[in-house]
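Novice: Sequence first, predicted coordinates after that:
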Amino acid sequence: MSKTLLDIKNLRLSFFTPAGEVKALNDVSISMQEGDVLGIVGESGSGKSVTASAIMGITAYPGKIIGGTIDFNGHRINEMSEKELRKIRGKEVSMIFQDPMTSLNPVYTIGNQIREVLRLHTDLSRKEIYERSVELLKLVGINEPEKRLKQYPHELSGGMRQRVMIAMALACEPKLLIADEPTTALDVTIQAQIIDLMTELKNKINMSIIMITHDLGIVASMCNRIAVMYAGKVVEEGTTDEIFYNPKHEYTKGLLRSIPKIDSEKHEKLIPIDGTPVDMLNPPAGCPFAPRCEKCMRICLKRMPEFTQITQTHKSACWMLQKESFERERRRENGQDNRKAN
């Protein structure tokens, strides 16, 4: 039986700006078992990358965790000092950032940057570090690794830089790899290669992955579980099949409707989600998606619904589910009353 690797409970994180408090994460709870591949999806500003930064302990100023807990592999992340966090970053949890050009240091060679990770977290000799660096570049499919180690980031293509980032992230075989939109800046062919590579490496070292992306196609092909975020909240969570074939939250349905389909009729239009994202300086009292929801009820604007457990693995926070549950219960009670009367 796999054990819980990551357990985020009721996490609240705000950025305290001159304009006011931006409530970036508002009561986020996510749990992962060892070996899970979790996709976190949602539009820009929904809190995906902020969640990843909080797990790594690298929340940028003026951001601050103001509530909740992050437990990872026996560590309480939100209570650790910077010195303690440095010991597990890169070793137990690693992150691939969105843009490899800005993530790699332009004044150091590729080899220097990979060696730094190995020097910090292993007891390998200089020769062993060099051999491991070559091995890592071969592992991620980079040709002529000895030559690449001497090159600078600007001398490599975007796909190769992304592979270098993956090599650095995997250097110490972490328990959890967080990939923050790792394929956004790449062309379709390289995207497919990167996804195949991550899946292959995951199976080799039994690593868990959090895939943060806008691309639901990548999520469908790679993840076994999905968390849908909107306005700093998780609004639906379930297995990949449950989210794709039985979505329950209106936002999730809107995301799925906006995907181009290969079997669609010629000139068929995509259905966008009307309206604009929530102002996180002044989030609504109720469901954050209510102002954009076609099925919005009065209560949606006033109160945030609790999660409704649809199956053991699938839950969604939507008043429509509460309403359906209430109506089913009422019909059942009426049926029982009718049978008694007869």
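Specialist: Looks like it came in fine.

Novice: And the pLDDT for residue 203?
Specialist: As predicted, residue 203 sits at a pLDDT of 84.

Novice: other SSEs contacting the helix or strand containing it?
Specialist: Taking DSSP states H and E as the criterion, the element that holds residue 203 is helix 188-205. Using 3 or more CB pairs under 8 Å, 6 or more residues apart in numbering; DSSP states H and E as the contact criterion, the elements in contact with helix 188-205 are helix 158-170, strand 176-180, strand 208-212, helix 216-222. C-betas here are computed from N, CA, C, even on glycine.

Novice: So in that sheet, which strands flank the second one, and in what orientation?
Specialist: Note on strand 176-180: by DSSP bridges, its sheet partners are strand 93-96 (parallel), strand 208-212 (parallel).

Novice: how about the ones you listed in TSV, adding mean pLDDT, mean neighbour count and distance to residue 15?
Specialist: Putting the strands paired with strand 176-180 into TSV (pLDDT from 0 to 100; neighbours: other CB atoms under 10 Å; distance: least, CB to CB, whole Å) gives the following:
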stretch	mean pLDDT	mean neighbour count	distance to residue 15
strand 93-96	91	25	20
strand 208-212	93	24	18
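
Novice: Select, out of those strands, the one closest to residue 256.
Specialist: Each of the strands paired with strand 176-180 was scored for nearness to residue 256 using CB to CB, and the closest is strand 208-212 (17.2 Å).

Novice: Kindly calculate the angle that the helix holding residue 203 makes with strand 176-180.
Specialist: 170 degrees (axes from the mean of the first three to the mean of the last three CA atoms, to 10 degrees).

Novice: List the buried residues in helix 188-205.
Specialist: Along helix 188-205, the positions that meet the burial threshold by neighbour count (16 or more other CB atoms under 10 Å) are 190-191, 193-195, 197-198, 201-202.

Novice: circling back to that earlier point, can you redo the strands paired with strand 176-180 as CSV with distance to residue 160?
Specialist: Converted to CSV, the strands paired with strand 176-180 look like this (distance: least, CB to CB, whole Å):
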stretch, distance to residue 160
strand 93-96, 14
strand 208-212, 21
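
Novice: residues near the residue nearest to residue 70 when sequence neighbours are not counted, how many?
Specialist: Nearest residue to residue 70 in three dimensions, chain neighbours excluded: residue 77, at 4.0 Å (CB to CB, 6 or more residues apart in numbering). The tally of other residues near residue 77 (other CB atoms under 10 Å) stands at 21.

Novice: quick one: secondary structure of residue 300?
Specialist: Using DSSP: H, G, I helix; E, B strand; the rest coil, the structure places residue 300 in helix.

Novice: show me what contacts it?
Specialist: Applying CB atoms under 8 Å, 6 or more residues apart in numbering to residue 300 gives the contacts 286-287, 290, 293, 319.

Novice: Swap in 10 Å and give it another go.
Specialist: Contacts for residue 300 (CB atoms under 10 Å, 6 or more residues apart in numbering) come out as 250, 284, 286-291, 293, 318-320.

Novice: Most neighbours among those, please name it.
Specialist: Ranked by neighbours (other CB under 10 Å), the contacts of residue 300 are led by residue 287, which has 27 neighbours.

Novice: Just say helix, strand or coil for it.
Specialist: Under three-state DSSP, residue 287 falls in the coil class.

Novice: now it: how far from residue 271?
Specialist: Distance from residue 287 to residue 271, counting by CB to CB, to the nearest Å: 20 Å.

Novice: hang on, the earlier thing: okay if I get the helices and strands packed on helix 188-205 as CSV plus distance to residue 33?
Specialist: As requested, these are arranged in CSV below (distance: least, CB to CB, whole Å):
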stretch, distance to residue 33
helix 158-170, 20
strand 176-180, 11
strand 208-212, 8
helix 216-222, 16
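
Novice: Mind checking these for the one nearest to residue 85?
Specialist: Minimum separation from residue 85 across these (CB to CB) falls at strand 176-180, 13.9 Å.

Novice: The contacts of residue 300: which two are farthest apart?
Specialist: For those, the farthest-apart pair by CB to CB is 284 and 320; their separation is 17.0 Å.

Novice: In this model residue 52 seems to touch residue 8, though I could be wrong.
Specialist: No: applying CB atoms under 10 Å, one finds residue 8 not in contact with residue 52, separated by 11.0 Å.

Novice: Show the low-confidence segments of the protein, by residue range.
Specialist: Per-residue confidence for the chain (pLDDT under 70) gives these ranges: 1-2, 100-101, 184-186, 263-267, 335-342.

Novice: the strands in it, which residues?
Specialist: Using DSSP state E, the strands assigned to the chain run over residues 4-17, 20-33, 37-41, 63-72, 75-76, 93-96, 176-180, 208-212, 225-230, 233-239, 308-309, 315-316.

Novice: quick one on the thing from earlier: quick check: angle from the helix holding residue 203 to helix 158-170?
Specialist: Using the same axes, to 10 degrees, the interaxial angle of helix 188-205 with respect to helix 158-170 works out to 20 degrees.
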